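Novice: sequence plus predicted model, see below.
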Amino acid sequence: MAVVPRQSGEHRGHLRGHRRCSSCVPLHRADCGRGDSRRTSRGRFEGPRVSTAPLFDSPQRARVRNRRSILDVVHSNRGITRTQLGSIIKLSKTSIKEICDDLIAEGLLEEFQPKSAERQQGRPALSLRVTTHHGVLLGIDIGADKVSARSSTFAGDVLDSSEVRTRREKPDRAYLLGLVEQAVSAIRPTGGGTAEQFHTVVVSTPGVVDPQTNVVSLAPQIAGWDGLDLRAAVAECIGCDPTRVFVERQTDLSVLAESIAGAAKGIDTVLYVHLGIGIGGGIIVRGELSRGASGAAGELGYLPLSFGDEPPAGSRIGAWEWAAGGRAWARHGRAAALEPGGARLLELADGDADSVDAEVIFRGVREGDTASVDVFDRMAYRIAAGIAAAVCVINPERVLVAGGLSKGGELLLDSLRDDLSTLVPIMPDIQLATFGGDGGVVGALHKATARAFDALNPLP
């Protein structure tokens, strides 16, 4: 029979059902369930919701879940003692000792004496931490505007990172895979050596990823990306075993990163909106990442909101993305710069209308330029209308805005708040995402850690 942790206080048992409390497990929180304690209207703490895992695990499966939970707690709370561990996950001292001893013997955990303990009298308790010698974890984020790579140890220490900007209006498959190889090669000398040392690689990509085939679809921003087996392609271009490579949807990883260590931490229901060349979303409902039946939940760019600005026939670009994404801001801004009254907007682009983009428009608005303000108001309303459609369905507590257009900062957020307040029945909180354009690579590293721990602790 499974070990059933005691339920008490702020942290209630979560071992059997893979539910975890916010102080111990950021690694799986958004994917497997939220265990954050919440203060009720009567002032008491309420524990995590009932898990969807089997009510009764076999002893073997229960032990694996307990091992995994201890690994997650130690990973999230570096330098934690066994006593502190027991106060969080509520297993018996004997169970904690046995599991920790096993993990130490297997080389997954190690004990050490913190420097602060050197000044204490008597024999201080040893602390636990995740070891770093199992290999290197790698996160890769592929976008239409840049490719990022970042490596870390199993303990979560970032070793190195690199970023390569694209130099094409619409990059194609071969070009982007070349940038992946370039970005990963740049971190190898200091961030992990050869590809064989990468224990787990997680790749973040626009579009939708088939979990069975790793084939990408609905990514019109990148020529030739639809239909690509990205797992095999990345493994080949970096020289890595394909079984170590996992592919995830970019905005899912981004909202995961925000829920672990960003602006969505501790928030129950979140809508993450990426506003860039493409538009996409990530959704957390009741603490769980919502992927949808086919992994396409959050493909907000396909909302039927064209505002009379229809995408080109056969382009497969979503209506809202074409009408309100980064390229739409550039199209409308360039047209305004060439009209009477657009002289200042054109001047801000150094006299080159083709250089007008959202950032130029933001500068013009801050100066009070009329043409810039007109374009800004029109485009910001289009964004608000799309967000409103999603808000009415999801009812999020918080909306996070990320992507290139988020560089508009509070200027954009204030406009979105004003417009959104007239469009939705219940107004959510709106904030900028913490990680901005790095959400994909940050989330990829978090997911790589979770995947690595799963591989080292497979369920029987």
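Specialist: That came in fine, so what should we check first? Numbers count the residues shown, from 1 in each chain.
Novice: contacts, neighbours, all on C-alpha from now
Specialist: Will do.
Novice: contacting residues around the spatially most central residue of the chain?
Specialist: The residue lying closest to the centre of the chain (C-alpha atoms, centre = their mean) is residue 254, at 1.9 Å. Shown in contact with residue 254 (C-alpha atoms under 8 Å, 6 or more residues apart in numbering): 282, 438, 439, 440, 441, 442, 443.
Novice: now do the SS call for the second one.
Specialist: Right, residue 438. helix (DSSP: H, G, I helix; E, B strand; the rest coil).
Novice: before we move on, what about the first one?
Specialist: Going by three-state DSSP, the secondary structure assigned to residue 282 is strand.
Novice: right, and it touches residue 259 too?
Specialist: No: counting by C-alpha atoms under 8 Å, residue 259 is not a contact partner of residue 282; they are 10.9 Å apart.
Novice: residue 111 is in what secondary structure piece?
Specialist: Assessed by DSSP states H and E, residue 111 sits inside strand 109-112.
Novice: report all helices and strands that the following helix or strand past that strand contacts.
Specialist: Downstream of strand 109-112, the next assigned helix or strand under DSSP H and E is strand 127-130. Packing contacts for strand 127-130, counted by 3 or more C-alpha pairs under 8 Å, 6 or more residues apart in numbering; DSSP states H and E, involve helix 59-76, strand 80-81, strand 109-112.
Novice: and the first one, what's buried?
Specialist: What that stands for is helix 59-76. Under the neighbour-count criterion of 16 or more other C-alpha atoms under 10 Å, helix 59-76 has 61-76 buried.
Novice: got it, and stretch 130-138?
Specialist: 130, 131, 132, 135, 136, 137, 138.
Novice: how far does that stretch stretch from one end to the other?
Specialist: Stretch 130-138 has an end-to-end distance of 17 Å (C-alpha to C-alpha, to the nearest Å).
Novice: with stretch 291-308 instead?
Specialist: End residues of stretch 291-308 are separated by 30 Å (C-alpha to C-alpha).
Novice: where's residue 450 relative to residue 200, distance?
Specialist: 10 Å.
Novice: neighbour-wise, which of the two wins?
Specialist: More neighbours sit around residue 200 than around the other of residue 450 and residue 200, counting by other C-alpha atoms under 10 Å; the figures are 27 against 18.
Novice: could you spell out the sheet neighbours of the helix or strand harbouring that one, each with its direction?
Specialist: Assigning secondary structure by DSSP H and E places residue 200 in strand 198-205. The pairing partners recorded for strand 198-205 under DSSP bridges are strand 136-142 (parallel), strand 245-249 (parallel).
Novice: report the inter-axis angle for the next helix or strand after the shortest one versus strand 136-142.
Specialist: Counting by DSSP H and E, the element after strand 245-249 in chain order, helix or strand, is helix 250-261. Angle between the axes of helix 250-261 and strand 136-142 is 130 degrees (criterion: axes from the mean of the first three to the mean of the last three C-alpha atoms, to 10 degrees).
Novice: export the helix or strand following helix 250-261 as PDB, just CAs?
Specialist: Once helix 250-261 ends, the next helix or strand along the chain (criterion: DSSP H and E) is strand 270-275. Provided in PDB are the C-alpha atoms of strand 270-275 (Å, rounded to 0.1, in the frame of the first residue of the first chain):
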ATOM      1  CA  VAL A 270      -3.100  32.400 -16.000                       C
ATOM      2  CA  LEU A 271      -3.200  33.500 -19.600                       C
ATOM      3  CA  TYR A 272       0.200  34.000 -21.100                       C
ATOM      4  CA  VAL A 273       0.200  36.000 -24.400                       C
ATOM      5  CA  HIS A 274       3.200  36.200 -26.700                       C
ATOM      6  CA  LEU A 275       3.000  39.200 -28.900                       C
END
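Novice: mind giving me the packing neighbours of strand 270-275?
Specialist: Strand 270-275 packs on helix 250-261, strand 279-285, helix 370-394, strand 398-402, going by 3+ C-alpha pairs under 8 Å, 6+ apart.
Novice: which of those sits most buried?
Specialist: When you average the neighbours per residue for each of those (mean count of other C-alpha atoms under 10 Å), helix 250-261 leads with a mean of 28.
Novice: what angle do that helix and strand 398-402 make?
Specialist: In terms of direction (the same axes, to 10 degrees), helix 250-261 departs from strand 398-402 by 120 degrees.
Novice: quick check: closest non-adjacent residue to residue 71.
Specialist: Spatially, and ignoring its direct neighbours in sequence, residue 71 is nearest to residue 130 (7.4 Å; C-alpha to C-alpha, 6 or more residues apart in numbering).
Novice: which residues does that neighbour contact?
Specialist: Applying C-alpha under 8 Å, 6+ apart, we find residue 130 in contact with 71, 74, 75, 78, 108, 109, 110, 154, 155.
Novice: can you name the residues in contact with the helix or strand where residue 446 lies?
Specialist: Taking DSSP H and E as the criterion, residue 446 maps to helix 439-456. With contact meaning C-alpha under 8 Å, 6+ apart, helix 439-456 is reached by 27-28, 68, 71, 137-141, 148-152, 154, 156, 199-204, 248, 250-251, 253-258, 435.
Novice: report the rounded mean pLDDT for that helix.
Specialist: On average, the pLDDT along helix 439-456 is 95.
Novice: flag the shaky bits of the stretch 151-300 of the chain, pLDDT-wise.
Specialist: Residues of the stretch 151-300 of the chain that meet the criterion pLDDT under 70 lie in 189-196.
Novice: also the stretch 1-150 of the chain?
Specialist: Residue ranges of the stretch 1-150 of the chain with pLDDT under 70: 1-56, 116-123.
Novice: do that again at 50, thanks
Specialist: 1-26, 28-29, 32-53, 55 (pLDDT under 50).
Novice: so who does residue 438 touch?
Specialist: residue 254.
Novice: let's see it at 7 Å
Specialist: Listed by C-alpha atoms under 7 Å, 6 or more residues apart in numbering, the contact set of residue 438 is empty.
Novice: same question for residue 337.
Specialist: Counting by C-alpha under 7 Å, 6+ apart, residue 337 touches 343, 345, 346, 353.
Novice: picking up where we left off before, what about the closest residue to the residue nearest to the centre of the chain other than its chain neighbours, neighbour count?
Specialist: Leaving aside its sequence neighbours, residue 254 sits nearest to residue 439 (C-alpha to C-alpha, 6+ apart; 4.3 Å). By other C-alpha under 10 Å, the residues close to residue 439 number 26.
Novice: I'd like the distance between the nearest residue to residue 460 once chain neighbours are set aside and residue 181.
Specialist: The shortest distance from residue 460 to any non-neighbouring residue, by C-alpha to C-alpha, 6+ apart, is to residue 61 (6.1 Å). Distance, residue 61 to residue 181, by C-alpha to C-alpha: 39 Å.
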